[in-house]
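1. Here is my input; please provide its structure:
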Amino acid sequence: MTDSTKTTHIAGTFLIEASGSFLNGAGLGEGEDRNVTVPKTFRDGQYRVPYVSSQAWKRWLRNTLIEETGWPPSVLKAIDLSARGTTSKIAGELNPVDFAEDDIFGYMRAEKGQGRSPDEDEIEEDESKKGSAGRRTKAVMRASPLAASILVSLRKTGWQGRDEGFVHLKEGTPLPYTTEFYNTHLQGVFCLNYSRLGVFWNVGDRIELDEDKAEEFLKSKKIRVKEDKGEAGKIYEMVDANNKRKERTTELLKALSKMRGGAKQAQFATDVSPKVLIMAGLTCGNPVFNDLFTDDIKGPALKIDTLKELVTDYSDRFTTPIFIGIRAGYLKNEEEVKALHNKNENGVKYMVTTPICAAEEISKLLP
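-> Sure thing, here's the model as predicted:
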């Protein structure tokens, strides 16, 4: 396989059934008593539309990944305090070599006076954080190789529900409280930059791997210099990057297919594992599988014509079949979707299976 046909990205979309759900809260609603708890929503013209932030569902995915694999978690902790003694900075392990979570989801550790050389710096700070003389202070930051959209409700109207509750006291009048929830289906889009896993750029102002850790990992032969760019810096790679990249991606996709989490599970118990999961390998970073679902009173459906059109347009970029995992009885046009199985679109094959099997099957084709 040549580089032009090698998988560099995994793009996908999924659909969560959110019937009677409250998965991401926005605090208390407006009103005189402010005793209504509301989910996150945004305005789309005249409509108020429920959503789940990408930060929230990626936290569900991170937790599921750690639970399923037993890998060590990169636990967030305070690394600096303000003058008032409150937390002003947080960070995880900042170690993408030993912690897969850091490699996949990225991190950031800002530094005081970053972007300045020490002689410009008038800020009091720990001298050890300034670097060598003449070297500019830089933050350690790894942008996540996993791009993720918010989860957006397919329904713009008719999704609202209200759970009117009362706390009955031994004495006094009952105390009312209300929780707003939704009946809808939430669609999300993701794109994993597969080629970046296990690779760390310390070039120019882009410092992905702490320099002290890089020296330590070089000595212990956990990483190697993939490319030396002279004064500009170096690109590092894990010595077993190919195996680690495949292993970490496989477990990530499997965790997505079994994802669990969300707010108010004790009250609403929503299964957030995808009822539909569509994925494919690509040679480009376009999150192509967006806006593929529709919904009416009879339930959600896959826009098959839209899917066929994008598969035709990007047929020279797909490196794997299009895996379509569906849960039986969920999609309104399930039989039409199943009819795609083993069909070709400009040389790109469709494989229709279950969400969990889709994650397992595409993982077998990773380079």
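
2. Sketch out the helices for this structure, chain order is fine.
-> Applying DSSP state H to the chain gives helices spanning 54-69, 100-105, 211-219, 241-257, 265-268, 304-313, 334-338, 355-363.

3. any chance of those in CSV, plus mean pLDDT, distance to Thr184 and mean neighbour count?
-> For glycine as for every other residue, the C-beta is placed from the backbone atoms N, C-alpha and C. As requested, the helices of the chain are arranged in CSV below (pLDDT from 0 to 100; distance: least, C-beta to C-beta, whole Å; neighbours: other C-beta atoms under 10 Å):
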stretch, mean pLDDT, distance to Thr184, mean neighbour count
helix 54-69, 98, 15, 18
helix 100-105, 98, 27, 24
helix 211-219, 96, 44, 15
helix 241-257, 98, 20, 20
helix 265-268, 94, 13, 14
helix 304-313, 97, 20, 15
helix 334-338, 97, 19, 14
helix 355-363, 98, 19, 21
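
4. Ok, which of those helices comes nearest Thr37?
-> Closest to Thr37 of these is helix 265-268 (C-beta to C-beta; 9.8 Å).

5. Just the CA atoms of that closest one, as CSV, please.
-> Provided in CSV are the C-alpha atoms of helix 265-268 (Å, rounded to 0.1, in the frame of the first residue of the first chain):
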residue,chain,number,x,y,z
GLN,A,265,-28.4,8.9,35.2
ALA,A,266,-30.0,8.1,38.6
GLN,A,267,-33.1,10.0,37.5
PHE,A,268,-33.3,9.2,33.8
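
6. How about residues contacting that helix?
-> Here helix 265-268 makes contact (C-beta atoms under 8 Å, 6 or more residues apart in numbering) with Gly20, Ser21, Phe22, Asp163, Thr179, Phe181.

7. Neighbours of Leu154, how many?
-> 20 (other C-beta atoms under 10 Å).

8. beta partners for the spatially closest residue to it that is not a sequence neighbour?
-> The spatially closest residue to Leu154, leaving aside those adjacent along the chain, is Asp295, at 3.8 Å (C-beta to C-beta, 6 or more residues apart in numbering). Residues in a beta bridge with Asp295, per DSSP bridges, are Pro300.

9. Repeat that for Ile322.
-> Tyr350.

10. Retrieve the pLDDT associated with it.
-> We have a pLDDT of 98 for Ile322.

11. wait, it sits on Asn346?
-> No - in this structure Ile322 lies outside contact range of Asn346 using C-beta atoms under 8 Å: 11.4 Å.

12. Quick check: neighbours shared by these two?
-> Counting by C-beta under 8 Å, 6+ apart, the shared contacts of Ile322 and Asn346 are Val311.

13. Who has more neighbours out of these two?
-> The neighbour comparison of Ile322 against Asn346 (other C-beta under 10 Å) goes to Ile322, with 25 against 12.

14. From Tyr107, how far off is Thr86?
-> Using C-beta to C-beta, to the nearest Å, we find Thr86 at a distance of 21 Å from Tyr107.

15. quick one, which of the two is more surrounded?
-> Using other C-beta under 10 Å, the more surrounded residue of Thr86 and Tyr107 is Tyr107, with 23 against 8.

16. Check whether the more buried one really touches Ile90, as I assumed.
-> No - counting by C-beta under 8 Å, Tyr107 does not reach Ile90; the two are 9.9 Å apart.

17. residues near the residue nearest to Asp98 when sequence neighbours are not counted, how many?
-> Once flanking residues are discounted, Asp98 sits nearest to Pro72: 7.2 Å by C-beta to C-beta, 6+ apart. Look at Pro72: counted by other C-beta under 10 Å, it has 13 neighbours.

18. The chain should start at 31 in everything you say after this.
-> Noted, 31 is the first residue going forward, which turns the last one into Pro102.

19. Can you pull the phi/psi pair for Pro102?
-> phi -70, psi 130 (degrees, to the nearest 10).
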